[in-house]
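*Asks:* Mind folding the following:
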Amino acid sequence: MIGNDGINSSSFLNLKKSLDSYLAITDDIWHLIRSNLSIKKVRKNEVFIQSGDLCQNIYFINDGIVRFFYFSKNIEITSCFNFKDSFISALSSCIQHKPSFENAQAILDTELIVIEYAKMLKMYDKSHSIERLGRLIVENAYLELESRMFSDYRNDAESKYRNLLETGHPDIIKKIPLKLIASYLGITPETLSRIRNKPGN
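*Replies:* Residues are numbered from 1 along each chain as shown. This next block holds a predicted model:
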């Protein structure tokens with residue numbers, strides 16, 4: 001079915017399913033949310049959130065892989081990878097209206113569902129259910145971030161690589177260039193190759 005905006009409604013089924021996992025969504029609530037959504041297709045290697053620019057959107061990865069990265073002393077550092085059915089944003093930029101300090105790049109051709117942060121705040125005013133839904137999503141994102149940070153502190157590069165395989169399907173992980181995974185793990189591509197070649201990896 002094609003909506004008034006010319007977008008096939010099936011494009012939003014993954015998002016609807018994800019939202020329902022946080023909170024039961026009535027038809028009226030979904031109609032309000034759906035009316036504020038758009039689709040953004042990002043080409044492989046395209047950077048769609050730029051460091052130094054203001055981020056004004058929240059994104060849901062409908063398909064593809066996104067990495068966040070930043071520069072430290074002219075060295076490019078990958079901070080995380082995000083996979084299908086994930087919510088992503090440079091949230092501090094949205095909230096504080098300050099330039100983003102990170103970049104977001106599509107690793108593969110990627111489809112994103114987009115909602116403007118300002119529109120989301122207006123929906124909060126219209127619906128306590130949507131406001132609660134937003135809070136639950138942010139809480140979950142924080143818990144995932146905290147878990148990843150503590151895991152990074154405790155684990156060596158090999159353990160971090162195994163955790164990455166558990167987060168995303170191994171066949172999908174193989175589509176990420178080795179140098180980017182090595183950047184995330186804080187090791188050289190050669191060391192990563194040795195880790196990947198060990199039994200069980």
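*Asks:* Next up, the contacts around the nearest residue to residue 176 once chain neighbours are set aside.
*Replies:* Closest residue to residue 176 apart from its sequence neighbours, by C-beta to C-beta, 6 or more residues apart in numbering: residue 107 at 5.5 Å. C-betas here are computed from N, CA, C, even on glycine. By C-beta atoms under 8 Å, 6 or more residues apart in numbering, the contact set of residue 107 is 44-45, 64-67, 81, 175-177, 180.
*Asks:* repeat for residue 26
*Replies:* residue 129.
*Asks:* any idea how far it lies from residue 191?
*Replies:* Note on residue 26: its distance to residue 191, by C-beta to C-beta, to the nearest Å, is 51 Å.
*Asks:* Only the buried residues of the helix or strand bottoming out on mean pLDDT in the chain, if you could.
*Replies:* Across the helices and strands of the chain, mean pLDDT, DSSP states H and E gives its lowest value to helix 170-173, namely a mean of 76. Buried residues in helix 170-173, counting neighbours by 16 or more other C-beta atoms under 10 Å, are found at 172-173.
*Asks:* try stretch 97-108
*Replies:* So for stretch 97-108, counting by 16+ other C-beta under 10 Å, buried means 100, 102-107.
*Asks:* go on, stretch 177-194?
*Replies:* Residues of stretch 177-194 classed as buried by neighbour count (16+ other C-beta under 10 Å): 180-185, 187, 192.
*Asks:* Repeat that for stretch 129-137.
*Replies:* Buried positions in stretch 129-137, judged by neighbour count with 16+ other C-beta under 10 Å: 129-130, 133-134, 137.
*Asks:* Grab the longest helix from the protein for me.
*Replies:* With secondary structure taken from DSSP state H, the chain has its longest helix at helix 128-154.
*Asks:* roughly how far apart are residue 186 and residue 157?
*Replies:* 7 Å.
*Asks:* just to revisit the earlier point, in TSV, list the buried residues of stretch 129-137 along with distance to residue 58.
*Replies:* Shown next, in TSV, are the buried residues of stretch 129-137 (distance: C-beta to C-beta, whole Å):
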residue	distance to residue 58
129	17
130	13
133	12
134	9
137	9
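*Asks:* Closest one of these to residue 77?
*Replies:* Using C-beta to C-beta, residue 137 is the member of the buried residues of stretch 129-137 that lies nearest residue 77, at 26.2 Å.
*Asks:* contacting residues around residue 176?
*Replies:* 65, 67, 81, 107.
*Asks:* Could you rerun that using 7 Å?
*Replies:* By C-beta atoms under 7 Å, 6 or more residues apart in numbering, residue 176 lies in contact with 65, 81, 107.
*Asks:* ok so, going back, what's the least confident helix or strand of the chain in contact with?
*Replies:* The contact list for helix 170-173 (C-beta under 7 Å, 6+ apart) reads 65, 83, 164-165.
*Asks:* Generate JSON lines for these, with secondary structure and pLDDT as supplementary columns.
*Replies:* Below are those laid out as JSON lines (DSSP: H, G, I helix; E, B strand; the rest coil; pLDDT from 0 to 100):
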{"residue": "65", "secondary structure": "coil", "pLDDT": "94"}
{"residue": "83", "secondary structure": "coil", "pLDDT": "91"}
{"residue": "164", "secondary structure": "helix", "pLDDT": "81"}
{"residue": "165", "secondary structure": "helix", "pLDDT": "80"}
